[in-house]
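K.L.:
Just the structure for this:
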Amino acid sequence: MSVAASRLPLLLAFNPSNQLAVAVDGARVKLPFAGADAAAQLAQRFPRHTSPAEYFVFAHEGAEWAVAFAQVPEDGAPDGLVFRSLEQLEVQPARLDPLLAAVLALLEPHLIEIPYLHLGENDYIYRFRVEKDRNRSIYAQDDAARALYQSKLCEAIKALARTNERSASTPAVLDFGAVRYVIPSHFGFCLGVKNAIERAYESLAENPGRRVFMLSELIHNPFVNEDLLRRGLRYLQTDKGTPFTVSGRPADAQHPEPWLWDSLTSEDVVIIPAFGATDEDKKRLIRKGIRVAQYDATCMLVEKVWKAARAFGREGFTVVIHGKSEHEETKATFSNTRRYAPAIIIRNRDEACLLGDYIAAPTPERRAAILEKFAGKTTPGFDPAVHLDRLAVVNQTTLLMNETASIIDYFKAVFAAKYGEVEGLRHVGGAGKKDTLCYATQVNQDALARALAEPLDAAFVVGGKNSSNTYQLYRVCEQKLGDRAFFIQSESSIRSRCEIEHYVFPAAGHGKGGHTEVHPLWRADDHSPKRVLITGGASCPDGLVQQVITRINSLFPPERLRSIDAVLADLGQS
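P.N.:
Numbers count the residues shown, from 1 in each chain. All right, here's what the predicted structure looks like:
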């Protein structure tokens, strides 16, 4: 008999809350599906279950056990069985059967698989809703939601200017008389953000009486996040990963206080935001018996990057993540990637050149410089001498596509110089395609570039202070318009006809963190007609864009302005 044939099956049955089905025999807690008839017993007790998937083998008391996971329904455990979270089981070790105790000690590397047992590895956790299935009612549930999310102007522009969701077209021009607005064909919420927002509001509505948390900010827009907080949502941690305490303050070693994380129970709802989550955070939720997959709002385009990284890892490539190491999305991509491949996070082309210099001429000094520069941004055991021979680049989806493309082209040139054109391409994964780049981010950038070809007196980019994709849009405007481009959060950033509260993003802060500066707009005596570009980041609600238009209109005499209805009528005839 082969070794494999002599293994005894051990089936662990988890419900969608990631709780394990166990049998309680007096004071003893046991695994119910162990031994030669484990599969038959599982089918008898849970007629509906996913196909068991084997994850590891271990030896216990003279026997070898093949451990498989299956997901079973949550609608009540059969007689004699109960569902318990892993945390509940682990706090009572004296009650555990030795086999159960032994297998619990080995689950850590495999916990992340448990919530997604019902999915194939090429399935997406949550696909974008098609247009007919969108839940638009959440944007109109009260006056606050309508003001934040709804805009007749923006709806009209998108209906007329967007001929294709994935490709930019001619910008719309809104002629208010004294001021004309140039609006890109694509701006504001992307599909991933729309899905995440709708799921957050739905989760609040569907769970009255339960605590509903978001792992961190849903999206990088303070107005959306504040509206959700007003409706009862709470955050477990900041966008930088600092836990919130039970009183709602970021954890502080100087003022110790219990964390919200520690108060979680299986009755709580925790939503994973569009950026995704690290494996470490998901495992904490899984151990507590909290439903993860049902409330996982990870953008499918972010997950597409993860799937590409997994494929590259299986092909033997080291994954180079072009992103900001402190950003939630990049943290999640790095955490996910490390399961499949060695990985390193680089910020820009300059950091790519540090790797390229070593690849071209590997010296001990350059190796040491890389290890020092990228400390904390590589997977454990990363060694430039081993892991920089075959590279594949994926990106943080909110960055400029041409920068990621430039890094890919740079590595192609480095390896071509070292190995020749044909052989060199074999050292760069996905060198002939750039399909991990987010089309939603890119189409907003393309549409903005077309709008910037118009004659303009100013450009306003609207979005949250910590919104990376909004900052990238501002950079594009600044390159064309210089100090006539402004990064603002809302209409309140427009002080007057003469002054704007412009936000300086941390990456452009000249050694300082992010901060607001007052910049000049137009001279007080300048009453000439203006052409103004307005766009919004992927997390900017339409209502904010219209409020900015209304605020700028207020800077001009009313008698020189046309009505919104007249402007909408013009759009309908264009």
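K.L.:
ranges for the helices of the stretch 451-574 of the chain?
P.N.:
Per DSSP state H, counting those that start in this stretch, the stretch 451-574 of the chain carries helices over the ranges 468-481, 542-553, 564-573.
K.L.:
F14: which of those is closest?
P.N.:
Nearest to F14 among those is helix 468-481 (35.5 Å), distances taken as Cβ to Cβ. C-beta: built from backbone N, CA, C; applies to glycine.
K.L.:
follow-up on the earlier one: so which of the helices of the stretch 451-574 of the chain is nearest G232?
P.N.:
helix 542-553 (21.1 Å).
K.L.:
Would you point out which residue is most central in the protein?
P.N.:
Closest to where the C-alpha atoms of the chain average out (Cα atoms, centre = their mean) is F275, at 1.0 Å.
K.L.:
quick revisit: turn the helices of the stretch 451-574 of the chain into CSV, including distance to R180, mean neighbour count and mean pLDDT.
P.N.:
Formatted as CSV, these follow (distance: least, Cβ to Cβ, whole Å; neighbours: other Cβ atoms under 10 Å; pLDDT from 0 to 100):
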stretch, distance to R180, mean neighbour count, mean pLDDT
helix 468-481, 16, 22, 93
helix 542-553, 11, 21, 96
helix 564-573, 10, 14, 85
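K.L.:
Determine the set of other helices and strands touching the host helix or strand of Q442.
P.N.:
Element membership of Q442 [criterion: DSSP states H and E] is helix 439-451. Helix 439-451 is packed against helix 401-419, helix 468-481, strand 530-536, with contacts defined by 3 or more Cβ pairs under 8 Å, 6 or more residues apart in numbering; DSSP states H and E.
K.L.:
hmm, 6 Å instead?
P.N.:
Judged by 3 or more Cβ pairs under 6 Å, 6 or more residues apart in numbering; DSSP states H and E, helix 439-451 is in contact with helix 468-481.
K.L.:
and the helix it packs on, how far out from the chain's middle?
P.N.:
21 Å (Cα atoms, centre = their mean, to the nearest Å).
K.L.:
again, but for stretch 468-488
P.N.:
23 Å.
K.L.:
Alpha carbons of stretch 212-229, in PDB - could you do that?
P.N.:
The C-alpha coordinates for stretch 212-229 follow below in PDB (Å, rounded to 0.1, in the frame of the first residue of the first chain):
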ATOM      1  CA  VAL A 212     -21.200  47.200  11.500                       C
ATOM      2  CA  PHE A 213     -17.500  48.000  11.000                       C
ATOM      3  CA  MET A 214     -15.300  48.900   8.100                       C
ATOM      4  CA  LEU A 215     -11.700  47.500   8.400                       C
ATOM      5  CA  SER A 216     -10.500  51.000   7.500                       C
ATOM      6  CA  GLU A 217     -11.800  53.900   5.400                       C
ATOM      7  CA  LEU A 218     -14.100  52.700   2.700                       C
ATOM      8  CA  ILE A 219     -12.600  55.000   0.100                       C
ATOM      9  CA  HIS A 220     -10.300  58.000   0.300                       C
ATOM     10  CA  ASN A 221     -13.000  60.600   0.500                       C
ATOM     11  CA  PRO A 222     -13.900  62.200   3.900                       C
ATOM     12  CA  PHE A 223     -17.400  63.200   2.900                       C
ATOM     13  CA  VAL A 224     -18.400  59.600   2.000                       C
ATOM     14  CA  ASN A 225     -16.700  58.200   5.100                       C
ATOM     15  CA  GLU A 226     -18.300  60.800   7.400                       C
ATOM     16  CA  ASP A 227     -21.800  60.100   5.900                       C
ATOM     17  CA  LEU A 228     -21.300  56.400   6.700                       C
ATOM     18  CA  LEU A 229     -20.100  57.200  10.200                       C
END
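K.L.:
Help me confirm that the residue nearest to the centre of the chain comes into contact with E329.
P.N.:
Yes - the criterion here is Cβ atoms under 6 Å, and F275 meets it with E329 at 4.1 Å.
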